[in-house]
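S.K.: Next input, structure requested:
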Amino acid sequence: MSKPARNAGAPLGVIGAGAWGTALAQTLAKSGHEVRLWALEHEVARAINATHQNPLYLEGVPLDEKVRAAEDFHALEDCPTVLVVTPAQHMRATLESFRPHMAEGAALVLCSKGIERGTMKLMTEVLAETCPEAVPAVLSGPSFAIDVVWGLPTAVTLACADETRGRALLDEIGSPAFRPYLSGDLVGAEIGGSVKNVLAIAAGIVEGRGMGKSAHAALIARGFAEMTRLAVALGAKRETLAGLCGLGDLVLTCASPQSRNMSCGQALGRGESLESILGQRRSVTEGVATAPAVVALARSRGVEMPICEAVDAIVTGGADVDETIAGLLARPFRDEGL
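M.R.: Purely as a prediction, here's the structure:
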């Protein structure tokens, strides 16, 4: 059974002590909050509490003393707001484990970007099935963990259907350098964050294959059209996708090798195998697992997404990169409308 949450002065929770979870915990602590950061790895929790650093995911970054790591969900029982930063494909299992320890009326802010494989469900749908008592919210937008943890200016979308709770979350999470903008469109925020990871792999392939900046720009524009088509078909607002959680995140992720998804695409474009690329990484490359889920979801709604289909063919089906690119370039000419 849910436990009652404290109000003013209560600690905030973060589930997931990777780079992004740690960066969010740090920005919350810098705003004056006590933060309980749940870590899967024992060595991460121990290092954060002993040295105020996370050497596995954010080496060399000093963390505020108000960030305390925990390995048990009991530590989050009195947190009225919890940011959930678990990788998308592990979200369901994590939320199922957390539910017995969730404070009554808690807001769970979903900070992972992806669609569940097999079920084709958004993270908000997974949340509704696992923790139906929670107030759902989505945090998404153009934000690299290293920028946020060092306090560089960042703006994101915070989507919450409950406007009153959403504005309270703005005050809890926001700061002069970390600026959330409120939206009521959770579906739009989720689709923007999920699809841009798939498109970033495509952008990386374009870069890795040396196809030029013109092709790179065209990929972003046509990818944005795909993203918008799917979001609108699912009931999202077109203007949401034109904002931070859609176009903003797409531009950032497709423009920098700091993005795990773009760097994965670059390596694929250079001829490296997906197995070798992922085998060298500790952090999850969400676009790889999300690609088949996006394609399946789009097909179920009759939405055409040729770029995402091409990425899925490469990362899931092992399709030849050059043949896949040739197939895209051979598509019939058409009107530019979304």
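
S.K.: Quick one: mean pLDDT for the helix ranked longest in the chain?
M.R.: Taking DSSP state H as the criterion, the chain has its longest helix at helix 186-208. Mean pLDDT, helix 186-208: 98.

S.K.: For it, list the C-alpha coordinates in CSV.
M.R.: C-alpha atoms of helix 186-208 as CSV (Å, rounded to 0.1, in the frame of the first residue of the first chain):
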residue,chain,number,x,y,z
LEU,A,186,2.6,13.8,-22.5
VAL,A,187,2.3,11.8,-25.8
GLY,A,188,4.0,14.5,-27.8
ALA,A,189,6.9,14.8,-25.3
GLU,A,190,7.4,11.0,-25.3
ILE,A,191,7.3,10.6,-29.0
GLY,A,192,9.7,13.4,-29.6
GLY,A,193,12.2,12.0,-27.1
SER,A,194,11.9,8.4,-28.4
VAL,A,195,11.9,9.0,-32.2
LYS,A,196,14.8,11.4,-32.1
ASN,A,197,17.1,8.7,-30.8
VAL,A,198,16.3,6.5,-33.8
LEU,A,199,16.8,9.5,-36.2
ALA,A,200,20.1,10.3,-34.5
ILE,A,201,21.5,6.9,-35.5
ALA,A,202,20.5,7.7,-39.1
ALA,A,203,22.2,11.1,-38.8
GLY,A,204,25.3,9.4,-37.5
ILE,A,205,25.3,7.0,-40.4
VAL,A,206,25.2,9.9,-42.8
GLU,A,207,28.2,11.5,-41.1
GLY,A,208,30.1,8.2,-40.9
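
S.K.: Pull stretch 138-156 out as PDB, backbone CA atoms only.
M.R.: What follows is stretch 138-156, C-alpha atoms only, in PDB (Å, rounded to 0.1, in the frame of the first residue of the first chain):
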ATOM      1  CA  VAL A 138       7.500  13.500 -18.600                       C
ATOM      2  CA  LEU A 139      10.800  15.400 -18.700                       C
ATOM      3  CA  SER A 140      12.300  15.600 -22.100                       C
ATOM      4  CA  GLY A 141      14.300  18.000 -24.300                       C
ATOM      5  CA  PRO A 142      17.700  19.000 -25.600                       C
ATOM      6  CA  SER A 143      20.000  18.200 -22.600                       C
ATOM      7  CA  PHE A 144      23.300  16.500 -22.300                       C
ATOM      8  CA  ALA A 145      24.100  15.200 -18.800                       C
ATOM      9  CA  ILE A 146      27.600  16.800 -18.800                       C
ATOM     10  CA  ASP A 147      26.100  20.300 -19.600                       C
ATOM     11  CA  VAL A 148      23.400  19.900 -16.800                       C
ATOM     12  CA  VAL A 149      25.800  18.600 -14.200                       C
ATOM     13  CA  TRP A 150      28.100  21.600 -14.700                       C
ATOM     14  CA  GLY A 151      25.200  24.000 -14.500                       C
ATOM     15  CA  LEU A 152      25.300  25.200 -18.100                       C
ATOM     16  CA  PRO A 153      22.000  26.700 -19.400                       C
ATOM     17  CA  THR A 154      19.500  24.100 -20.500                       C
ATOM     18  CA  ALA A 155      15.800  24.200 -21.400                       C
ATOM     19  CA  VAL A 156      13.500  21.200 -21.400                       C
END
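
S.K.: got the buried residues for that stretch?
M.R.: By 16 or more other CB atoms under 10 Å, the buried positions in stretch 138-156 come out as 138-145, 147-149, 154-156. The C-beta positions use only the backbone N, C-alpha and C, and glycine is treated the same way.

S.K.: ditto for stretch 275-286
M.R.: The neighbour-count check on stretch 275-286 (16+ other CB under 10 Å) flags Ile277, Val284, Thr285, Glu286 as buried.

S.K.: Mind putting those into JSON lines with secondary structure, pLDDT and distance to Gly318?
M.R.: Listed next are the buried residues of stretch 275-286 as JSON lines, based on DSSP: H, G, I helix; E, B strand; the rest coil; pLDDT from 0 to 100; distance: CB to CB, whole Å:
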{"residue": "Ile277", "secondary structure": "helix", "pLDDT": "95", "distance to Gly318": "13"}
{"residue": "Val284", "secondary structure": "coil", "pLDDT": "82", "distance to Gly318": "20"}
{"residue": "Thr285", "secondary structure": "coil", "pLDDT": "90", "distance to Gly318": "16"}
{"residue": "Glu286", "secondary structure": "helix", "pLDDT": "91", "distance to Gly318": "20"}
